[in-house]
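Novice: here is my input; please provide its structure:
(chains A, B, C and D)
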There are 2 protein chains.
Amino acid sequence: MSNELLLLGLLRSHQMHGYQLSEFLTRNLSTCTDLKKPTAYFLLGKMAEQGWIAEEQTQEGNRPPRRVYHLTTLGEANFQRLLRENLAAFEPVTMRGDAGLAFLDFLPPGEAAELLMVRRGGLAQALEQARSAPHHAGSLGLVLEHQVLHLQAELAWVEQVIAGLQREASTTQNK
Amino acid sequence: MSNELLLLGLLRSHQMHGYQLSEFLTRNLSTCTDLKKPTAYFLLGKMAEQGWIAEEQTQEGNRPPRRVYHLTTLGEANFQRLLRENLAAFEPVTMRGDAGLAFLDFLPPGEAAELLMVRRGGLAQALEQARSAPHHAGSLGLVLEHQVLHLQAELAWVEQVIAGLQREASTTQNK
DNA sequence: TTTTCCATGTAACTCGTTACATGATTTC
DNA sequence: GAAATCATGTAACGAGTTACATGGAAAA
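Specialist: Just a heads-up that it's a prediction; the model follows:
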C-alpha cells in the first residue's frame, strides 16, 4: 500500500506520466521504496481502473504517447486514508544484514572484521550520497534527513563492532 | 538468501526440525526476517533436495513424525559462503514508514502530530519489548543490541518531528 | 471440554522482479 | 554511427503470504 501512497502523493502535486513517476521515486525516494518501472505501470493501470486516477493522453512529435495521470476525487480520498494509516502505524524495519551478524562468532575475529570493513565502505558511500543529495523543501527533505541520521547511526554501529573484533583478534593472537 | 543463511546457521549449532526453526526465528530473530512457517518448510525441503542439509525422522509416541535436519558438508560450505557474502555487503534498509512522512505537510500540523503520536506508541512498545527480551550470549546478543539502538534512534527521531509539528501548530493557531 | 500448542504440509494467490520487445530522440 | 535516454508495455518467473487441512497432546 505504501507504493500506492507514494504515487498518489506525487500525482497530487503535479500530474505526471509513469516514466516520470518511476524516475522520481528511484532518484529521490529510493529509501522508502524500490519499486521498478513495470510495477509502477502496473499500479497506475490498476488505480486508473479503480477510478483513483484519470489519464490524459498527450503526444509530442512522433514520440510514444504519454499517459499523464491526475488524481480524481476518489483518489484524493484514498490518498488521505492511506496517508493517515501510514503515519499512525509503526512499521518495523527488517534488517536482512543482521542475519550474518547473528553468526559473527563462527568466524575468526580478524576475518570478520575485514568483511565488515567492506560493508562499512558501502555504508559510508551511501551516507556520502545521501548527504550530497539535492535538498528538497518541506517534508520531502524530512525523509532525506531521516535517512542521513539512520546511516550515521549504522556507520557508528558497524565501526564499533569492527573495533571490538579487532581488540579480540589482537588479544587472542590468531589473526 | 538471508533466510537460507539463518536456517543454516541455526542448524549448524543444533539440529532442529522445521517447527523449532520457525519458532526460534519469529521469537528471537524477527528483526532480521519475517519468514513464516510454510516458507520455512519450503526452504528446508529445497535445501534438503540440494543436499545442503539432511533429515532424520524421529517420532515420539503417536505425534506426527519430526524431520530433524542437520548440516551436510555441502551445507557447511554454503553457510560459509553466504555468511561472508552477507557480512561484506551493505544492504540498504527500506523504510516503508517514510512514505507518509514525505507528504506530512499536506496535513494540518496538529493532526499530523497526533497521528505520529500513535506511531510513537507502537515504537515505544517495540523498544520496551526489545529491551526486556532474554539476553542471548555471543553474536545473537549483538543483533538484539543493534535492534535496541535502532529503535532508540527511531523513537528520538519521531519525537523530534512531533515536537516540530506542535511548535508549528501553536504558532499558526489552527490546531 | 474447549482452547492452545505441537507438527506437518498443500494450494491459491499477491506482489514485485527480470527479461524481453518496440521505436523514436537526443547526445557523444 | 553508436550509445544513452525517453516512453510504454508484456510474459515468465520468484519469493513469500494467507488460508486451509489434519490430527494428537497438553493445559485451562
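Novice: which other helices and strands contact the longest helix along chain A?
Specialist: Counting residues, the longest helix found in chain A (DSSP state H) is helix A:138-172. On a contact count with 3 or more C-beta pairs under 8 Å, 6 or more residues apart in numbering or on different chains; DSSP states H and E, helix A:138-172 meets helix A:109-131, helix B:98-101, helix B:138-172. For every residue, glycine as well, the C-beta is placed using N, CA and C.
Novice: which bits of chain A sit near DNA strand D?
Specialist: A:17-20, A:23, A:37-38, A:41-42, A:44-45, A:60, A:63-67 (C-beta under 7 Å from any atom of the strand).
Novice: which strand or helix spans residue A:63?
Specialist: Under DSSP states H and E, no helix or strand contains residue A:63.
Novice: can you report how many residues neighbour it?
Specialist: Residue A:63: 8 surrounding residues under other C-beta atoms under 10 Å in any protein chain shown.
Novice: got a pLDDT number for it?
Specialist: Looking at residue A:63, its pLDDT reads 75.
Novice: can you give me the distance of it to residue A:57?
Specialist: From residue A:63 across to residue A:57, the span is 12 Å (C-beta to C-beta, to the nearest Å).
Novice: show me what contacts the spatially most central residue of chain A?
Specialist: Centrality entry for chain A: nearest residue to the mean C-alpha point is residue A:31, 1.8 Å, by C-alpha atoms, centre = their mean. Contact partners of residue A:31, counting by C-beta atoms under 8 Å, 6 or more residues apart in numbering or on different chains, are A:130, A:143, A:144, A:146, A:147, B:92, B:94, B:95, B:98.
Novice: hmm, who's touching stretch A:68-80?
Specialist: Residues outside stretch A:68-80 that contact it (C-beta under 8 Å, 6+ apart): A:4-5, A:8-9, A:11-12, A:15-18, A:44, A:47-48, A:50-58.
Novice: just the buried ones among the residues you listed, please.
Specialist: A:4-5, A:8-9, A:11-12, A:15-18, A:44, A:47-48, A:52-53, A:55 (16 or more other C-beta atoms under 10 Å in any protein chain shown).
Novice: among those, which lie within helices?
Specialist: A:4, A:5, A:8, A:9, A:11, A:12, A:18, A:44, A:47, A:48.
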